[in-house]
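Asker: I'd like to go over a predicted model; first the sequence, then the structure.
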Amino acid sequence: MASPSIVVVGSINLDVVVRCAALPRPGQTVTGDNLHEVGGGKGANQAVAAARLGARATLIGRVGGDAAGRRLRDGLVAEGVALPSELITPEVSSGTAIIAVEHSGENHILLIPGANACLTPADVERHAEHIRSAQVLLLQLEVPVATVIAAARLARAVGVRVLLDPAPAPAHLDPALSHVDLLSPNRSEAEALVGRPLPTIADITDAARELVARGAGAVVITLGADGALLCAEGLAHHLPAFPIHAVDTTAAGDAFKAGLAMRWAEGATLVESVRFALAAGALAASRPGAQPSLPRRDAVEALLTTYAGASITAATARGTP
Ligand code: ADP
């Protein structure tokens with residue numbers, strides 16, 4: 001079978017990471033240990049994750065006309081992600097996250113959207129052919145919402161499936177985005193979407209049903225070490241996480257969303273797709289870093305084979321009450 005085509009419309013960031021003994025208080029200067037610059041942004045992370053899992057991945061996202069923008073684009077191309085050539089905004093900086101991490105793990109993040117804020121509905125229109133010929137359009141909310149809506153509308157008009165990762169959580173999800181084919185928040189984003197805490201699996205199941213009632217074709221809520229809750233076709237399934245040793249959960253959600261998009265694009269059922277996504281997410285959580293931790297297809301298949309049967313039999317299916 002030919003590799004499926006997944007198009008991501010989303011953010012591209014440079015993550016500038018500094019480790020330090022204690023985070024600076026306002027007005028204070030502290031000395032950092034070292035500085036790392038790595039590619040980030042949910043759009044870029046999910047596009048790289050999809051490419052590593054074997055998809056033909058295209059990313060519609062903007063960088064600035066700076067050296068960081070060139071490096072970020074080169075890095076994505078080296079990962080096998082296709083990039084439309086003219087999406088560079090010369091007069092702004094590339095999206096940048098300045099991340100200070102204390103030895104305890106506590107962090108401060110300053111996010112500069114930069115060129116990500118310049119991605120317009122017209123950019124999406126100009127690259128409509130990529131979206132029209134994809135199996136799945138994968139979206140997040142780190143670029144302007146009008147652009148995300150334009151991409152979703154374009155895909156749905158021609159029957160291309162839309163998977164939305166509603167991150168960062170909006171105070172209010174635009175109705176145009178409530179009607180995507182598959183909505184996949186993490187637990188705190190789901191809490192923001194329904195406006196209440198979700199402490200138990202029963203609460204999470206109710207929230208997933210509520211999001212389906214608001215228009216989503218299906219909902220998958222990720223639950224970290226507790227796996228994921230899928231609500232589709234009137235049934236809710238709680239699928240447990242793979243029992244790995246978590247080292248660093250950065251980008252675990254991005255690996256999960258790309259895995260979900262990948263198997264779904266290949267025509268698998270949603271339960272199978274969530275299992276594949278859980279394996280991809282677990283592998284990302286078991287390795288340090290963001291993009292460096294994103295797994296390849298063979299590693300995901302190996303983990304699935306090791307636990308063949310176990311997660312599916314442990315899944316609980318609950319019908320509509
Ligand atoms: P986010 O990183 O977006 O906050 P989650 O914390 O829900 O999202 O994690 C996303 C997915 O990553 C989970 O559904 C699971 O598949 C995997 N994952 C995260 N943490 C762990 C863990 N400790 N053990 C196994 N899998 C994990």
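Answerer: Received, thanks.
Asker: next, the contact list for whichever residue of the stretch 51-200 of the chain sits closest to the ligand, please.
Answerer: Proximity of the stretch 51-200 of the chain to the ligand (C-beta to the nearest ligand atom) peaks at Asn186, 3.9 Å away. All C-beta spots, glycine's among them, are computed from the backbone N, C-alpha and C. With C-beta atoms under 8 Å, 6 or more residues apart in numbering as the criterion, the residues that contact Asn186 are 167, 221-224, 253.
Asker: go on, Ile99?
Answerer: Taking C-beta under 8 Å, 6+ apart, we find Ile99 in contact with 15-18, 107-109.
Asker: nearest to Val162 among these?
Answerer: The closest of these to Val162 turns out to be Asp15 (C-beta to C-beta; 26.9 Å).
Asker: in this structure that closest one contacts Lys42, no?
Answerer: No: at 11.5 Å, Asp15 and Lys42 do not qualify as touching, with contact defined as C-beta atoms under 8 Å.
Asker: which one's more surrounded, the two?
Answerer: Set side by side, Asp15 and Lys42 show unequal neighbour counts under other C-beta atoms under 10 Å, the larger going to Lys42 at 28 against 23.
Asker: what's the burial count for Glu91?
Answerer: Residues lying near Glu91 (other C-beta under 10 Å) number 8.
Asker: show me the shaky parts of the protein.
Answerer: Within the chain, the stretches falling below the threshold (pLDDT under 70) are 1, 309-321.
Asker: quick check, central residue of it?
Answerer: In the chain, the C-alpha nearest the mean C-alpha coordinate belongs to Asp254, at 3.6 Å (C-alpha atoms, centre = their mean).
Asker: in a helix, that residue, correct?
Answerer: Yes: note on Asp254: a helix contains this position according to DSSP: H, G, I helix; E, B strand; the rest coil.
Asker: for it, give me its contacts.
Answerer: With C-beta under 8 Å, 6+ apart as the criterion, the residues that contact Asp254 are 42, 45-46, 49, 284, 290, 294.
Asker: OK, contacts around Gly281?
Answerer: Contact criterion C-beta under 8 Å, 6+ apart gives 222, 241, 252-253, 255-256, 259 as the residues in contact with Gly281.
Asker: ok, the helix or strand in which it is found near the ligand or not?
Answerer: Assigned by DSSP states H and E, Gly281 belongs to helix 270-285. Yes: applying C-beta under 6 Å from any ligand atom, one finds helix 270-285 in contact with the ligand at 278, 281-282, 285.
Asker: most neighbours, which of these?
Answerer: The member of the residues of helix 270-285 next to the ligand that has the most neighbours, counting by other C-beta under 10 Å, is Gly281 with 32 neighbours.
Asker: closest residue of the chain to the ligand?
Answerer: Nearest to the ligand in the chain, going by C-beta to the nearest ligand atom, is Gly253, at a distance of 2.2 Å.
Asker: write out the residues of the stretch 51-200 of the chain neighbouring the ligand.
Answerer: When proximity is defined by C-beta under 6 Å from any ligand atom, the stretch 51-200 of the chain lies next to the ligand at Asn186.
Asker: before we move on, the earlier item: any idea which of the contacts of Ile99 is closest to Ala134?
Answerer: Asp15 (26.9 Å).
Asker: just checking, Glu210 touches Gly195?
Answerer: No: Glu210 is beyond contact range of Gly195, at 10.0 Å (criterion: C-beta under 8 Å).
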